[in-house]
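Q: Here's a sequence, model it:
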Amino acid sequence: MALHSDPPATPTTPARWRDPKRWLWLLGLLIPAFPFLSWGLVSATGLRVFWWTGVLVLYAAFPVVDHLIGKDSANPPDSALAHLEQDRYYRWCTYLYLPLQYGGLVLGCWLITRGDLALVDRIGLMFTLGGVAGIAINTAHELGHKTESLERRLSRIALAQTWYGHFHVEHNHGHHIRVATPEDPASARLGESFWRFLPRTVAGSLTSAWRLEKRRLARRDRSVWSPRNRVLGSWSLSFALFAALALAFGPGVLPYLAGQAVFGFCLLEVINYTEHYGLKRQLLASGRYERCAPRHSWNSDNIASNVFLYHLQRHSDHHAHPTRRYQALRHFDEAPEMPTGYAGMIVLAYVPPLWRRVMDPRVLAHYDGDITRANLQPSRRARLLARYGTTT
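A: Numbers count the residues shown, from 1 in each chain. So this is what the prediction gives:
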């Protein structure tokens, strides 16, 4: 089902255009409300399965809703982009995520430590908190690309729950430079399973963030151990958060805080896995990679996933215009399209045979049958070439 808007505005009448998804963006605040929703549903029904609300919604409900609601490929007219970017309503849709995120975290810690939850219930609530934290990294992604200092600070606060503050450095200054190349730890390779990608991207992104900060500080004649090291600063914020929660609720909360953090950043990385799988920028005669283009990101116009993830699935336009706000991101016809939204694709990614069956033929078709143009997993290169061959 596609959403419809008024006829495209002309350059002289941009005010006539209205964002058909304007009020839908508030639905993104449903995700940080998961802990409150879990508590309310368990209290109302007595069904303990609702402590697992985050898992049930992210992995079961959202893929179905994505499929049922369908897609919207409409773009805002060029004449409306400036107005959209300046409308502060959209910023508050992201700002409000944070108080709900941390309110839910405090509630979750209280529920876990008050003593009347079974172990399986505490684990379910831990995963629900982790789902909020994982999507918070996407909220931090939206805020961290902006030039206003307030939004950058809010981005770092959103990342503290997962100890993933180095993402702010690596994503902006590493991934956006090396995207869709073999050198990028956040770009998955054809033939690489998510379970192999996960340790590579976690370790590679952390190492890259540290090197980027070391280089930046060296240019300013500062030690990497300087208080101005943004990686150390982000970890300090996470340490302070966890220490405060441990003091407030007891050290018994720490294993659950660690568990939700791991689940949260793994949720981010499975989304990373889907975004550039097998796609590769070609090397030019100069030895440099070609400029990043829409064809180097997998996209999806599924409405539900886009609303809950602030248009993250319009990933090509994000890489072309990193500071562009989510409400103004556009669809590109030439960008490769996933068969469904991120909600469904991350479920597929957890099962490598299913993922390869769905996505490998799409990568091959994207490169007109020439698999040598794809970003190949080195350990599977010979097998992939033998299976798919090359074109001449």
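Q: need the contact list for the residue nearest in space to the middle of the chain.
A: For the chain, the residue nearest the mean C-alpha position is Asn138 (4.3 Å; Cα atoms, centre = their mean). Counting by Cβ atoms under 8 Å, 6 or more residues apart in numbering, Asn138 makes contact with 268, 271, 309-310, 312. All C-beta atoms are positioned from the backbone trio N, CA, C, and that covers glycine.
Q: what's the answer for Tyr90, then?
A: Tyr90 touches 25, 84, 325-327, counting by Cβ under 8 Å, 6+ apart.
Q: Please report which of these has the highest neighbour count.
A: Tyr326 (25 neighbours; other Cβ atoms under 10 Å).
Q: can you tell me which residues contact it?
A: 90, 94, 142, 310-312.
Q: same deal with Ala118?
A: Arg48.
Q: let's see it at 10 Å
A: Residues in contact with Ala118 (Cβ atoms under 10 Å, 6 or more residues apart in numbering) are 48, 51, 124.
Q: separation between Leu159 and Arg288?
A: Here the criterion is Cβ to Cβ, to the nearest Å. By it, Leu159 lies 31 Å from Arg288.
Q: Neighbour count for these two, which is higher?
A: More crowded of Leu159 and Arg288, by other Cβ under 10 Å: Leu159, with 28 against 9.
Q: tell me, how many neighbours does the nearest residue to Ile31 once chain neighbours are set aside end up with?
A: Among residues not flanking Ile31 along the chain, Ile135 sits closest, at 4.9 Å (Cβ to Cβ, 6 or more residues apart in numbering). Ile135 is flanked by 27 other residues according to other Cβ under 10 Å.
Q: Doesn't Ile135 belong to a helix?
A: Yes. Assessed by DSSP: H, G, I helix; E, B strand; the rest coil, Ile135 belongs to a helix.
Q: how about whatever helix or strand Ser79 lives in: buried residues?
A: Using DSSP states H and E, Ser79 maps to helix 78-86. By 16 or more other Cβ atoms under 10 Å, the buried positions in helix 78-86 come out as 79-81, 84.
Q: One more: stretch 60-79?
A: Applying 16+ other Cβ under 10 Å to stretch 60-79 flags 62-63, 65-66, 69, 71-72, 74-77, 79 as buried.
Q: mind listing the helices in the stretch 51-200 of the chain by residue range?
A: 53-56, 62-69, 78-86, 89-95, 97-113, 119-144, 149-159, 167-170, 176-178, 194-219 (DSSP state H, counting those that start in this stretch).
Q: Return the most buried member of those.
A: helix 167-170 (a mean of 26; mean count of other Cβ atoms under 10 Å).
Q: which strands and helices sit next to that helix?
A: helix 119-144, helix 149-159, helix 194-219, helix 230-249, helix 254-275 (3 or more Cβ pairs under 10 Å, 6 or more residues apart in numbering; DSSP states H and E).
Q: what about the helices in the stretch 251-392 of the chain?
A: Under DSSP H, counting those that start in this stretch, the stretch 251-392 of the chain gives helices at 254-275, 303-308, 315-320, 342-349, 352-366, 381-388.
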